[in-house]
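Participant: Predicted model and sequence follow; I will ask about them next.
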Amino acid sequence: MKQTLIKGGRVLDPETGIDGVMDILIENGKIAEIGNEKSKIQNPKSKIIDASGKLVTPGLIDIHTHLREPGHEYKETVESGCLAAAHGGFTAICCMPNTEPVNDNQSVTDYILRKANMAVGVRVYPVGAISQGLRGESLAEYGEMKSAGVVAVSDDGNPVMNAQLMRRALEYAKGFGLLVISHCEDRNLTANGAMNEGATATRLGLAGIPNAAETVMVARDIALCELTDAPLHIAHVSAEGSVRLIRDAKARGLQLTAETAPHYFSLTEEAVMNYDTNAKVYPPLRTDRDRDAVWQGLRDGTIDVIASDHAPHSSVEKDLEFDAAANGLIGMETSLPLSLKLVEMGLLSLKDLIAKMSTNPARILELDYVGLKRGNPADLTIIDLEKKFTVDANTFCSKSRNTPFNGWELKGKAVLTMVRGKIVFDDR
Amino acid sequence: MKIEKKDILDIESLSTEEIELILDTADSLKEISTRPIKKVPTLRGKTIVHFFHESSTRTRTSFEIAAKRLSADTVSISASTSSIVKGETLADTVRNLEAMNPDAIILRHSASGAPHMLARLVRSSVINAGDGMHAHPTQALLDMMTVREKKGRLHGLSVAIIGDIAHSRVARSNTVGFLKMGAHVILAGPPTMIPQGIEVLGAPVTYYVEEAIKNADVIIMLRIQKERQQPFLFPSEREYASYYGLTTENLAAARDDVLIMHPGPINRGVEIAPEVADGPYSVILDQVANGVAIRMALLYLLLGGPR
Ligand SMILES: [Zn+2]
């Protein structure tokens, strides 16, 4: 019997409410015992991981990433993406379907999962397309994709502009127990915009994208969620108006969940000054007001999840004029430390933060394991809250370097990531 | 005398002293263009690349004449002759140009910020000849020169800038420039053409052209940029002309000695009536003449001294 003992860490699990110094005994990849009665779980045959002074949490889950394989392996592969995830403390990631070919059918899903099985061991949950080819014209085969292993559908990167198609997607997905994840954007309002609309864009002479480009679609999708009574998850919330609408809709009891990403609570449009294409992202970085609203949304539970929206691009797409550069920044390796700042600022308790990065995503995705319970797979993350470091993109496992956080001094970092009892990253 | 900076990227980064110096220098160089032999040896042996990624016959010709009057060697590249059509990126094209060791690169580009990107990549001086909707510093300088020449000052004057403010780099650079030199600036146009947050520049905005014109010392009319027009900004040129165009009727509200300017090329009968464009208040052709002088002044101040 293969055993591992994680000793003396502060175990914090928002699902079970556990918070205290405990030992965790792992047998055959599962949690066999969890508690503080040393006699019960002390075992000389165990491999021992000393977690004293560290935080032990359920494995972090990143509900929104882009792995770029198949099709754009020069930006990221399933393998390099999984490695970056492990280094960021993630035991599971969801990858969006905007690959080439698009993940709108069983064979692409199969391919991604096969690659994931050969990688470091982080769980990969592919997200299938809402529409065939992400074209927004007809439904993709949800049944087939579900059998192949997708956990949700999304046309991320492309908004579903046709409200009737979105309605049918919500209804049809409900029949397979699939979550619909919506990239909220009205393309007519976005037009050729390159950054948030407002004084900074006006100064820089860049075409602006108004908050309403996001908010009008959030409003539409909430109406469709209500109409269809199907679960809906709003991706990368960035605007004040969106937070307000989601808050109201949740109060009415809709099956609505939402995520934001660290850049929306760590940066504002000011990051675009000097035309830094690493800060070019969709939705665009917005104003202090929007960032404050995102903070409030995280604090009061309107926003359930922090996701990285890890979007790798090479210099071919980024080393360009601002207008021409691709949207997106990488985040799996900075997500946790940037999010821990919210705890330091007193905006979130540590428990709420871990919930937003672990147990909330698990529940929204309806994974059959949530939290550190006896019998559950040993997916966990050990975090050193005191570890200070300087972000250096050159050391990232991701194949891409497009981060606006390079050079930032951060505190708190994953030092060990374990999936099904297997260590996939260890930097103690 | 020279300017202690490598590049001229926008008006924001110029001090009032630097602007004064540029205008004074341009005043003194203007005379060269009236001589029978319009050439001085000041920049002999210097190489200037004119890189016009976005077409502009007027600005390019003005820069080329300026360089030639100072005896510089010039190379002219346009988007269609550059490798950009073959898929080369701006950064690569520019690194190649840099390898040829020019002293200055004059860049006109459709992307805002392109000259800033270029300036970070090369040792040569970079002069922004217009980037996207961002800035057109030499246009603002030649406009200020023209006004100062006619009025004797900039301080305290009322300047109205009218038309498509949102898509105009000329409007941005002129607003910043005239405000910096102590003039009052008012912006006018239909609300669809007033960009969000423009008030941070410090100029009030009106949707009524008459209000902007009233008591104006200077009226700068902007071109309706048909080639980069987005949908739904205004219903028809006919309606635009009658509500936002400059005509002899609404001009009556302006001061008796008002100056009428336009960065060109003009859409006659749309933003400006032909009789106004060619009328007694128009200084549109003076702007063109001063354009050469301003560009000579910048080249002289950036490249003239020992480097
Ligand atoms: Zn998206």
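Facilitator: Received the coordinates, thanks.

Participant: Could you find the closest non-adjacent residue to the residue of the stretch 201-307 of chain B found nearest chain A?
Facilitator: Taking C-beta to the nearest C-beta as the measure, the point where the stretch 201-307 of chain B comes nearest chain A is B:Gln230, at 6.4 Å. The C-beta positions use only the backbone N, C-alpha and C, and glycine is treated the same way. When the adjacent residues along the chain are set aside, B:Gln230 lies closest to A:Ala191, with 6.4 Å between them (C-beta to C-beta, 6 or more residues apart in numbering or on different chains).

Participant: Contacts only, for that neighbour.
Facilitator: For A:Ala191, the residues meeting the contact criterion (C-beta atoms under 8 Å, 6 or more residues apart in numbering or on different chains) are A:207, A:209, B:230.

Participant: what sits against the last one?
Facilitator: With contact set as C-beta under 8 Å, 6+ apart, B:Gln230 has these partners: A:191-192, B:167.

Participant: Run a quick neighbour tally on the closest residue to the ion within the stretch 1-150 of chain B.
Facilitator: Taking C-beta to the ion as the measure, the point where the stretch 1-150 of chain B comes nearest the ion is B:Ala111, at 23.8 Å. Residues contacting B:Ala111 under the criterion other C-beta atoms under 10 Å in any protein chain shown number 24.

Participant: Next, count neighbours for the nearest residue to it once chain neighbours are set aside.
Facilitator: Leaving aside its chain neighbours, B:Ala111 sits nearest to A:Glu321 (3.4 Å; criterion: C-beta to C-beta, 6+ apart). Taking other C-beta under 10 Å as the neighbour definition, A:Glu321 ends up with a count of 24.

Participant: swap in the one 5 residues further on?
Facilitator: Applying other C-beta under 10 Å, we find 18 residues neighbouring A:Ala326.

Participant: Could you verify that it is part of a helix?
Facilitator: No - remark: A:Ala326 does not belong to a helix; assigned using DSSP: H, G, I helix; E, B strand; the rest coil, it is coil.

Participant: Chain B contacts on the stretch 301-428 of chain A?
Facilitator: By the rule C-beta under 8 Å from any C-beta of the partner chain, the part of the stretch 301-428 of chain A lying against chain B is A:319-324.

Participant: follow-up on the earlier one: the residue of the stretch 1-150 of chain B closest to the ion: what secondary structure?
Facilitator: State at B:Ala111, reduced to three classes by three-state DSSP: coil.

Participant: Next up, the contacts around it.
Facilitator: Taking C-beta under 8 Å, 6+ apart as the definition of contact, the neighbours of B:Ala111 are A:321-324, B:90, B:131-132.

Participant: Mind checking which of the residues you listed are in strands?
Facilitator: Among those, DSSP state E puts B:Asp131 in strands.

Participant: Looking at neighbours, which among the contacts of B:Ala111 is most surrounded?
Facilitator: Once you tally neighbours by other C-beta under 10 Å, B:Asp131 ends up highest among the contacts of B:Ala111, having 30 neighbours.

Participant: Identify the bridge partners of it.
Facilitator: According to DSSP bridges, B:His109, B:Ala135 are recorded as the beta-bridge partners of B:Asp131.

Participant: you'd agree it is up against B:Leu107?
Facilitator: Yes - with contacts counted by C-beta atoms under 8 Å, B:Asp131 reaches B:Leu107, the gap being 7.4 Å.

Participant: Unless I misread the structure, B:Phe51 falls within a strand.
Facilitator: Yes - in this structure, B:Phe51 lies within a strand as judged by three-state DSSP.

Participant: Hmm, it is touching B:Pro102, no?
Facilitator: No - contact between B:Phe51 and B:Pro102 fails when scored by C-beta under 8 Å: they sit 9.5 Å apart.

Participant: quick one: which of the two has more around it?
Facilitator: Neighbour comparison, B:Phe51 and B:Pro102: the larger count goes to B:Phe51, with 27 against 23 (by other C-beta under 10 Å).

Participant: what's the overlap in contacts for B:Phe51 and B:Pro102?
Facilitator: Jointly contacting B:Phe51 and B:Pro102 under the rule C-beta under 8 Å, 6+ apart is no residue at all.

Participant: Kindly list the single helix or strand of the chain that scores lowest on mean pLDDT.
Facilitator: Since no chain was named, I'll use chain A. When the helices and strands of chain A are compared on mean pLDDT, DSSP states H and E, helix A:38-41 comes out lowest with a mean of 58.

Participant: Please refer instead to chain B.
Facilitator: Using mean pLDDT, DSSP H and E, helix B:90-99 stands out as the lowest-scoring helix or strand of chain B, at a mean of 82.

Participant: So which residues on the stretch 51-200 of chain B come close to chain A?
Facilitator: Counting by C-beta under 8 Å from any C-beta, the residues of the stretch 51-200 of chain B that sit close to chain A are B:89-91, B:109-114, B:116-117, B:131-135, B:169, B:172, B:195-200.

Participant: Using ChimeraX, define a selection of the buried residues within those.
Facilitator: Selection command for ChimeraX covering only the buried members of these, criterion 16 or more other C-beta atoms under 10 Å in any protein chain shown:
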select /B:89,90,91,109,110,111,112,113,114,116,117,131,132,133,134,135,169,172,195,196,197,198
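
Participant: Is any residue of stretch A:200-207 near chain B?
Facilitator: Yes - contact between stretch A:200-207 and chain B, assessed by C-beta under 8 Å from any C-beta, occurs at A:200-207.

Participant: one step back: can you add distance to A:Glu79 and give the contacts of B:Gln230 back as TSV?
Facilitator: As requested, the contacts of B:Gln230 are arranged in TSV below (distance: C-beta to C-beta, whole Å):
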residue	distance to A:Glu79
A:Ala191	38
A:Asn192	36
B:His167	46
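
Participant: what subset of those is also close to the ion?
Facilitator: Counting by C-beta under 5 Å from the ion, nothing from the contacts of B:Gln230 sits close to the ion.

Participant: How about the secondary structure of residue 220?
Facilitator: As the question left the chain open, I've gone with chain A. Three-state secondary structure (criterion: three-state DSSP) places A:Arg220 in helix.

Participant: To clarify, I was referring to chain B.
Facilitator: Secondary structure for B:Ile220, judged by three-state DSSP, is strand.

Participant: And the pLDDT for it?
Facilitator: Taken from the predicted model, the pLDDT recorded for B:Ile220 is 98.

Participant: I'd assumed B:Met261 was in contact with it.
Facilitator: Yes - here B:Ile220 reaches B:Met261: they are 4.7 Å apart, a contact under C-beta under 8 Å.

Participant: Which residue, other than its chain neighbours, is closest to the residue sitting nearest the centre point of chain A?
Facilitator: Residue closest to the mean C-alpha point of chain A, counted by C-alpha atoms, centre = their mean, is A:Ala307 at 2.5 Å. The spatial neighbour of A:Ala307 that comes closest, neighbours along the chain excluded (C-beta to C-beta, 6+ apart), is A:His64 at 3.6 Å.
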